[in-house]
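K.L.:
Predicted structure and sequence below. I'll ask about it afterward.
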Amino acid sequence: MISFYIQMGSCKGYRSEIYEPRTSSAPPLSVIFYCIAYHHFDTSLYAAARAAYSEGFFYFFATRFPRPSLISVSCYAAWLALQAILYVCLPGEIALGPVTPAGRRLKYKLNGLTAWCLTVALWALGTKSGLVDPTIIARNWEGLIWTTTVFCVVAALISYAKACVLPGVETENLKTGLFWYDFFGGVELHPRIGELWDWKHFLSSRTGGIITWTVIDLSFAASQYQTYGYLTNTMVVVVFLRGWVVVDYFINEEWFFHTLDGMYEGFGFYNIYGFSGMMPVFWTLQTQYLAKHPKEMSPLALACIIAMYTIGWCVRFTADYQKLRFRQTGGKYSIWGKNAKGIRASYQTTDGKVRESLLLSSGWWGLARHANYTGSSIYTWALCALCGYGGLFTCTEAIVLAFLQIHRCYRDEAKCAAKYGEHWDEYCRQVRWRMIPGVF
């Protein structure tokens, strides 16, 4: 898409200068709308939407817009500093990422699990000693959302300025010359400081991404306990199950570098706000809801939901593992008792070298081209189900995820078609379905 604007230089590119500000403002406004619904309308999106309609869009937001506080700004700054120190100082295995478009293999330090364990331990010690109020995030939620939004805008501007003044590898530069397009989509693929500090990895897994989910969930769980004097079984289960998603991510931290985000996404507002702004809010809506609406479930209902979650997680995990092992072993791998099948797809990087990738068409990847997405969707719906019937508010994570996954199915495949050509066409003939065999 970016190369299209570079090559064509048509009015379509100039229209993006008009529409891109609207596009980039939609995610923050969505997050703020949910924040307003949580604080002013008891998590009712319907009531919030009716108020916005009757009062007018501008008045609705202007009178309820989140406001910063000294506590929210200082807490977020301290959080950034802590995670930066852990990212740099904690020991970890050095892993090589996939081949970049310029033919490079970047180094990454894998210390995320240690950082998560230490963060949770510090949270627990601070709470036990009285130095940290465990509800501090829940009580300052509005201010933290404001602070995070400002941080994301500033980070995206700095990233854009750096890419213009001190650009990285030329063949990995996505600059189009259209400011809003470059600001929103990003210019550099892998912005770095030194050999091991990778900004995309840092924001996605530390300050704005994965670790953040845990402390947010713990804070809203503490809020439920302080308000009602007890924790519901649904709150305990949702915190544990999402905590397992986080632990699983860090156990297999290097898998991120092989994803669409890790390999192809430019480091712009879309990427920065997605990880630092949207996901910490939308991926914790269940604990936010349960903090205000405590719900108990029967052991049978909990067992069914946990079973659904386990099935989804197993599909996602085994799908990713099959693909990784297939490539690591050069295709000499057995799946479900049979020799794995695949296609050897050649492609050329910008350094002129012809390289080869293995496209797996066995196991889960013989059933669907994005089987890992299917698994993620299943366990996400299970997390939402722990809130019972909480309206659209509690289902938003699953709905947003489904939308993103369907969108990414097409975007992933467009990139693969451009990269692998006829090899990708053959792969699609062998594996007909995208996510759900026989349906989609």
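P.N.:
Great, that's in hand.
K.L.:
need the strands for the stretch 151-300 of the chain, in chain order.
P.N.:
192-193, 197-198 (DSSP state E, counting those that start in this stretch).
K.L.:
Make sure residue 434 is indeed in a strand.
P.N.:
No - using DSSP: H, G, I helix; E, B strand; the rest coil, the assignment for residue 434 is coil, not a strand.
K.L.:
And for it, nearest residue in space, chain neighbours not counted?
P.N.:
In space, and not counting its chain neighbours, residue 434 is closest to residue 409: 4.9 Å by Cβ to Cβ, 6 or more residues apart in numbering. Where C-beta positions appear, they are placed from N, C-alpha and C, glycine not excepted.
K.L.:
Could you look up the SS state of the one you found?
P.N.:
Applying three-state DSSP: residue 409 is helix.
K.L.:
From residue 127, how far off is it?
P.N.:
42 Å (Cβ to Cβ, to the nearest Å).
K.L.:
Mind pulling the model confidence for the residue most central in space within the chain?
P.N.:
The residue lying closest to the centre of the chain (Cα atoms, centre = their mean) is residue 275, at 5.0 Å. On pLDDT, residue 275 comes in at 93.
K.L.:
one step back: separation between the residue nearest to residue 434 and residue 426?
P.N.:
18 Å.
K.L.:
Residue 71 too?
P.N.:
Going from residue 71 to residue 426 by Cβ to Cβ gives 58 Å.
K.L.:
Also residue 99?
P.N.:
Using Cβ to Cβ, we find residue 99 at a distance of 22 Å from residue 426.
K.L.:
sorry, back to before: nearest to residue 84, of the strands of the stretch 151-300 of the chain?
P.N.:
Comparison of those against residue 84 by Cβ to Cβ identifies strand 197-198 as nearest, at 8.9 Å.
K.L.:
Identify the residues contacting that closest one?
P.N.:
Residues outside strand 197-198 that contact it (Cβ atoms under 8 Å, 6 or more residues apart in numbering): 87, 88, 106, 108, 190, 191, 192.
K.L.:
Neighbouring strands of that strand in the sheet, and parallel or not?
P.N.:
The strands beside strand 197-198 in its sheet (DSSP bridges) come out as strand 192-193 (antiparallel).
K.L.:
any idea of the mean pLDDT in the partner strand?
P.N.:
In this model, strand 192-193 carries a mean pLDDT of 92.
K.L.:
Also stretch 136-147?
P.N.:
Stretch 136-147 comes out at a mean pLDDT of 97.
K.L.:
swap in stretch 414-431?
P.N.:
Across stretch 414-431, pLDDT averages out at 93.
K.L.:
any weak-confidence spans in the stretch 151-300 of the chain?
P.N.:
Scanning the stretch 151-300 of the chain for pLDDT under 70 picks out 171.
K.L.:
OK, contacts around the residue lying closest to residue 193 once chain neighbours are set aside?
P.N.:
Leaving aside its chain neighbours, residue 193 sits nearest to residue 199 (7.6 Å; criterion: Cβ to Cβ, 6+ apart). Contact analysis of residue 199 by Cβ under 8 Å, 6+ apart lists 159, 191, 192, 193, 267.
K.L.:
ok, now with 7 Å
P.N.:
The contact partners of residue 199, taken as Cβ atoms under 7 Å, 6 or more residues apart in numbering, are 191, 192, 267.
K.L.:
Most neighbours among these, please name it.
P.N.:
In terms of neighbours by other Cβ atoms under 10 Å, the contacts of residue 199 top out with residue 267 at 27 neighbours.
K.L.:
next one: phi and psi at that one?
P.N.:
phi -90, psi 80 (degrees, to the nearest 10).
K.L.:
can I assume it is in contact with residue 192?
P.N.:
No - applying Cβ atoms under 7 Å, one finds residue 267 not in contact with residue 192, separated by 9.9 Å.
K.L.:
Starting from residue 99, give me the distance back to residue 190.
P.N.:
Distance of residue 190 to residue 99, given as Cβ to Cβ: 12 Å.
K.L.:
okay, those two: which has more neighbours?
P.N.:
More neighbours surround residue 190 than the other of residue 190 and residue 99, with 22 against 17 (other Cβ under 10 Å).
K.L.:
can you redo the contacts of strand 197-198 as TSV with distance to residue 303?
P.N.:
Putting the contacts of strand 197-198 into TSV (distance: Cβ to Cβ, whole Å) gives the following:
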residue	distance to residue 303
87	39
88	43
106	44
108	39
190	44
191	46
192	46
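K.L.:
between those residues, which is nearest residue 286?
P.N.:
Ranked by distance to residue 286 (Cβ to Cβ), these are led by residue 87 at 27.8 Å.
K.L.:
Report pLDDT for the closest one.
P.N.:
According to the prediction, residue 87 has pLDDT 97.
K.L.:
For it, the count of nearby residues, please.
P.N.:
Using other Cβ under 10 Å, residue 87 has 21 neighbouring residues.
K.L.:
One more: residue 395?
P.N.:
Per other Cβ under 10 Å, the neighbour tally for residue 395 reads 18.
K.L.:
any idea how far the closest residue to it other than its chain neighbours lies from residue 29?
P.N.:
Nearest non-adjacent residue to residue 395, counting by Cβ to Cβ, 6+ apart: residue 384, 5.0 Å away. As judged by Cβ to Cβ, residue 384 and residue 29 stand 23 Å apart.
K.L.:
do the same with residue 403
P.N.:
Distance from residue 403 to residue 29, counting by Cβ to Cβ: 16 Å.
K.L.:
Neighbour count: these two, which is higher?
P.N.:
residue 29 (13 against 10).
K.L.:
quick one: that one and residue 439, what's the gap?
P.N.:
Distance, residue 29 to residue 439, by Cβ to Cβ: 33 Å.
K.L.:
Same question for residue 142.
P.N.:
The gap separating residue 142 from residue 439 is 41 Å, by Cβ to Cβ.
K.L.:
Of these two, which one has the most company?
P.N.:
Higher neighbour count among residue 142 and residue 439: residue 142, with 21 against 8, using other Cβ under 10 Å.
K.L.:
OK, contacts around the more buried one?
P.N.:
Taking Cβ under 7 Å, 6+ apart, we find residue 142 in contact with 35, 39, 66, 67.
K.L.:
Need the buried ones from those selected in ChimeraX.
P.N.:
This is the ChimeraX syntax for the buried subset of the contacts of residue 142, where burial follows 16 or more other Cβ atoms under 10 Å:
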select :35,39,66
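K.L.:
what's the closest of the contacts of residue 142 to residue 227?
P.N.:
The closest of these to residue 227 turns out to be residue 39 (Cβ to Cβ; 14.5 Å).
K.L.:
And the closest residue to the closest one other than its chain neighbours, its phi and psi?
P.N.:
Computed as Cβ to Cβ, 6+ apart, the closest residue to residue 39 that is not its neighbour in sequence is residue 142, at 6.1 Å. As for residue 142, its main-chain torsions (degrees, to the nearest 10) stand at phi -60, psi -50.
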